[in-house]
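Engineer: No sequence on hand, only this structure:
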């Protein structure tokens, strides 16, 4: 089993012009939780619950350092009606490394500043449709 360090993670997201922009240099945390709904099928007389598989769901949370150029592209896509393509490489974006890709809607963009620290930014994305697991070319 080969383990990888998170320092090499890569994340790209569409800009308003439809081109993938690499935000990896600004990010410090990427969270990509996925889940599957279940529907209960238990009938009278059963002594244990039973279920069937339902729909899958995923979100993406990004956080890192604020940058004015990134801010311009991220603020421009917040609330747009078109979905945004994304590519996420947990181990980086080198040839042959795992890549998750799909479409998402930006649901939140936040910029935070405190007197004693660096200005930060965070993004929340709701994945829409299927996620493709492949590798970078």
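Structural biologist: It's in. Just so it is clear, the model here is predicted, and its values are computed rather than measured. Numbers count the residues shown, from 1 in each chain.

Engineer: tell me the pLDDT at the residue nearest to residue 94 when sequence neighbours are not counted?
Structural biologist: Counting by Cβ to Cβ, 6 or more residues apart in numbering, residue 94 lies nearest to residue 136, which is 6.3 Å off, once chain neighbours are set aside. C-beta: built from backbone N, CA, C; applies to glycine. If you check residue 136, the pLDDT there is 96.

Engineer: Assess the claim that residue 21 and residue 12 are in contact.
Structural biologist: Yes: under the criterion of Cβ atoms under 8 Å, residue 21 makes contact with residue 12 at 6.3 Å.

Engineer: residues in contact with residue 133?
Structural biologist: 98, 99, 100 (Cβ atoms under 8 Å, 6 or more residues apart in numbering).

Engineer: now, among those, which is nearest to residue 27?
Structural biologist: Nearest to residue 27 among those is residue 100, at 15.0 Å by Cβ to Cβ.

Engineer: Show me what that closest one bridges to in the sheet.
Structural biologist: On the basis of DSSP bridges, residue 100 is bridged to residue 88, residue 133.

Engineer: how many other residues sit next to it?
Structural biologist: Residues near residue 100, counting by other Cβ atoms under 10 Å, number 19.

Engineer: any idea how far it lies from residue 50?
Structural biologist: 31 Å (Cβ to Cβ, to the nearest Å).

Engineer: re the thing from before, quick one: the contacts of residue 133 as TSV, columns for distance to residue 81 too.
Structural biologist: Output for the contacts of residue 133, formatted as TSV (distance: Cβ to Cβ, whole Å):
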residue	distance to residue 81
98	30
99	26
100	24
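
Engineer: Could you export the residues you listed as a markdown table, including pLDDT?
Structural biologist: Converted to a markdown table, the contacts of residue 133 look like this (pLDDT from 0 to 100):
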| residue | pLDDT |
| --- | --- |
| 98 | 97 |
| 99 | 98 |
| 100 | 98 |
